[in-house]
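Sequence and predicted structure, then a few things I'm wondering about:
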Amino acid sequence: MKSDYQEKLTSLSSHVSKTLLKWQGFKKRRNAFNRKLDGGIVQIISFQAGSYEPFAIDVPNMNYFPNSLYGKFTINLGIYIDDLQIFMHGKKPKDFVNEYDCQLRTRASHLVTSTDEWISIDKDFDKLSKETTNLIEKYALPFLDRFNSREKIEEYFKTEGTTLTNIPLAYLAIMCHKDGNNEASSSYMKKHIDSIVNHEGHKEYMFALAKKLGLDI
């Protein structure tokens with residue numbers, strides 16, 4: 001049985017879907033959205049509810065739990081590239097992608113204040129709907145549009161990289177291999193392996209992956 005907060009979050013995500021995301025090409029599953037693009041790219045927006053606190057549901061004044069995220073939500077954003085999933089983890093692309101499967105991840109609040117903010121769902125629904133729709137339209141969608149092609153994603157890995165992932169060169173190596181540029185792929189993979197410190201397991205895994213891809217390292 002859903003709590004009142006869960007019901008309200010479901011209503012909120014449905015409202016945002018009907019008024020905005022549906023018309024932007026997103027498909028909805030529960031409180032998450034996928035938009036599939038060419039090149040094996042999937043863009044993800046998901047509404048994440050704060051975790052349930054034991055007994056909190058029985059306490060009318062949530063000030064008893066000042067650090068609790070119960071009754072709050074945040075909006076997660078992600079970029080998923082299917083060949084990275086295939087080559088890094090040996091898994092087939094999913095029909096519907098979750099945010100935690102993405103290679104590039106952030107939260108909408110980080111785009112606004114560079115902090116991890118959670119929004120109280122316990123407010124006027126019309127006001128909350130407008131604020132949430134505005135947040136997505138003004139910040140989340142432009143962010144996702146930065147990664148709407150393989151070329152843009154590869155350029156990001158070359159220039160910014162570590163702001164959204166800690167292994168951009170490994171991802172870049174795989175994408176170059178997929179694109180048929182083995183020389184560049186070998187170069188990026190070598191740079192990534194050379195950068196690995198105090199993590200022999202990961203280094204061995206990347207050497208094995210390079211061998212699997214037929215790269216000259």
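Structure's in. What do you need?

Geometric centre of this structure: which residue is closest?
Per Cα atoms, centre = their mean, the C-alpha nearest to the average position across the chain is that of Gly78, at 2.1 Å.

so what does the helix or strand bottoming out on mean pLDDT in the chain touch, helix or strand wise?
The least trusted helix or strand in the chain, going by mean pLDDT, DSSP states H and E, turns out to be helix 82-89, with a mean of 85. Judged by 3 or more Cβ pairs under 8 Å, 6 or more residues apart in numbering; DSSP states H and E, the packing partners of helix 82-89 are helix 168-178, helix 200-213. Every residue, glycine included, has its C-beta placed from N, CA and C.

Please name every helix or strand in contact with the longest one.
Under the contact criterion of 3+ Cβ pairs under 8 Å, 6+ apart, the helices and strands touching helix 200-213 comprise helix 82-89, helix 168-178, helix 182-195.

Mind exporting the C-alpha coordinates of the least confident helix or strand of the chain to CSV?
These are the backbone C-alpha positions of helix 82-89, laid out as CSV (Å, rounded to 0.1, in the frame of the first residue of the first chain):
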residue,chain,number,x,y,z
ASP,A,82,24.5,0.7,-24.8
ASP,A,83,27.9,-0.3,-26.2
LEU,A,84,29.5,0.8,-22.9
GLN,A,85,27.1,-1.5,-21.1
ILE,A,86,27.8,-4.4,-23.5
PHE,A,87,31.6,-4.1,-23.4
MET,A,88,32.2,-3.1,-19.8
HIS,A,89,29.7,-5.4,-18.2
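
Go ahead and name everything in contact with the longest helix that the chain contains.
As assigned by DSSP state H, the longest helix anywhere in the chain is helix 4-19. Outside of helix 4-19, the residues within contact range by Cβ atoms under 8 Å, 6 or more residues apart in numbering are 2, 26, 28, 30-31, 33, 47, 49, 70-71, 73, 121-122, 125, 128-129, 132-133, 136.

about what we covered before: and the one helix or strand the residue nearest to the centre of the chain maps to, which strands flank it?
Element membership of Gly78 [criterion: DSSP states H and E] is strand 72-81. Sheet partners assigned to strand 72-81 using DSSP bridges are listed as strand 41-49 (antiparallel), strand 104-107 (antiparallel), strand 119-120 (antiparallel).

Out of the helices and strands packed on helix 200-213, which is closest to Leu104?
Across those, Leu104 has its closest neighbour in helix 168-178 (8.8 Å, Cβ to Cβ).

For that closest one, name the packing helices and strands.
Looks like helix 168-178 contacts helix 82-89, helix 150-159, helix 182-195, helix 200-213 (3+ Cβ pairs under 8 Å, 6+ apart).

try 6 Å
If contacts are counted by 3 or more Cβ pairs under 6 Å, 6 or more residues apart in numbering; DSSP states H and E, helix 168-178 sits against helix 82-89, helix 150-159, helix 182-195.
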